[in-house]
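Colleague: task: produce atomic coordinates for the following.
(one chain, ligands or ions: 1)
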Amino acid sequence: MYVTTMAKKALIIGVSSQDGSYLADLLLEKNYNVIGTLRRSTHQTYENIDHLFGKINIEFADLLDFESIARLVRKHKPDEVYNLAAQSVPADSWNMPFYTGEITGLGPVRVLEAVRQFHPEARIYQATTREIFGNIQAESANEETRFDANNPYGIAKAYAHMMTRCYRESYDMFACGGILFNHESERRGLMFVSRKVTAGVACIKNKVKKPPLNEAGEPLITPDGKLQMGDLTTKRDWGYAKEYVEAMYLMLQHKTPMDYVIATNTMNTIEDLCRIAFDHVGLDYKDHVVSTKNFFRPTEIKPLKGDYSRAKKELGWEPKISFEELIKLMVDADLKRFK
Ligand code: NAP
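Modeller: From the prediction side, this is the model:
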């Protein structure tokens, strides 16, 4: 075990996630002892955390299994617990409503309960999402905005968020819900729209013969060189994951536990995303992107910006990188990855 005496100990549940890997990088810089959990898998593909092996302690746990979480809480007695694991793909949640509820909704309760029973002093971060506001018709949302989730993922996350608040208020535990709006990076999963576009651009530009699969299990690029997308008019508030994990850390250093919205308070369409990504390699997205009903969600969430005033005032956090810079750095990373 890699232990620095007197250093703080953090347990990151879901360290292979985009956010988990950046959070581990950040906490190592701050001299934490980091324990990161993976799910057991017969195939070991951990691109996001390859660079972390040997620097953090890896443990195996599954949000479906209370004992696998409780065992780690008893064994490590962490100062901080970050729950980043989830069935995290909203589009998949319609096909997997039970599974999404079990992992994304009940999973966090297993974490809260393990901490309550075995190490209630630990500070907890729960990964909430803007999807809890789903159908809200408003320009922007803050921590007081009413929830109106309209897909199984958002509804499961709303339940987990309220349970986090319930444990904070009922048991006086230091538990925070970070209501994060979309955040992307070169480590984002390929199932998410930003990486779908940046990987698509790289595969088209580099004429990749065997592109990765899209969310329908088909090659990302069709034989005639097209990238199949859903509704291009959909709007999101998109930020950079590396900056967002700093907010998670800051929440757990604050004197009182609270929920915080983390966002950029700006919005762009998927069409903007496509335009910037293709422009960056000298291509016109109109020649390559097709919008097809097969990739529309059954119900869309309403356009919404995130008002991060509380995080700015109390944590001194604010976003720095622009949307355009973010998309360009993702395209650059994918051009290197897909040769
Ligand atoms: P991600 O890359 O999609 O990773 C999800 C993680 O959950 C992976 O490490 C996955 O492990 C793990 N996982 C899935 N099922 C599990 C289970 N049953 N037991 C244990 N681990 C399990 O996630 P992300 O984008 O970094 O997001 C981190 C968290 O923030 C998620 O909870 C997500 O829902 C939430 N969130 C994300 C955004 C965003 O825009 N990125 C916005 C708001 C909230 P494998 O590697 O084995 O699949």
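Colleague: looks like Arg40 contacts Phe60 (just checking).
Modeller: Yes - using CB atoms under 8 Å, Arg40 is in contact with Phe60, at 5.3 Å. The C-beta positions use only the backbone N, C-alpha and C, and glycine is treated the same way.
Colleague: the more surrounded of those two?
Modeller: Per other CB atoms under 10 Å, whichever of Arg40 and Phe60 has more neighbours is Phe60, with 13 against 8.
Colleague: for that one, give me its contacts.
Modeller: 37-40, 68 (CB atoms under 8 Å, 6 or more residues apart in numbering).
Colleague: now swap in Tyr285 and tell me
Modeller: Applying CB under 8 Å, 6+ apart, the residues near Tyr285 are 271, 274-275, 277-279.
Colleague: from the ligand, how far off is it?
Modeller: 22 Å (CB to the nearest ligand atom, to the nearest Å).
Colleague: tell me the residues of the stretch 51-200 of the chain that contact the ligand?
Modeller: 62-64, 84-88, 103, 127, 129, 180, 182-183, 189 (CB under 6 Å from any ligand atom).
Colleague: quick one, phi psi at Ile56?
Modeller: Dihedral pair for Ile56: phi -120, psi 160, per degrees, to the nearest 10.
Colleague: which residues does it form a beta bridge with?
Modeller: Under DSSP bridges, the beta-bridge partners of Ile56 are Phe53.
Colleague: hmm, what's the outermost residue in this protein?
Modeller: Asp224 (32.4 Å; CA atoms, centre = their mean).
Colleague: mind listing the helices for the stretch 201-339 of the chain?
Modeller: 241-253, 270-280, 309-310, 323-337 (DSSP state H, counting those that start in this stretch).
Colleague: what about the third one, distance to the chain center?
Modeller: Taking CA atoms, centre = their mean, to the nearest Å, the mean C-alpha location of helix 309-310 is offset from the chain mean by 21 Å.
Colleague: likewise the longest one?
Modeller: From the chain centre to the centre of helix 323-337 is a distance of 18 Å (CA atoms, centre = their mean).
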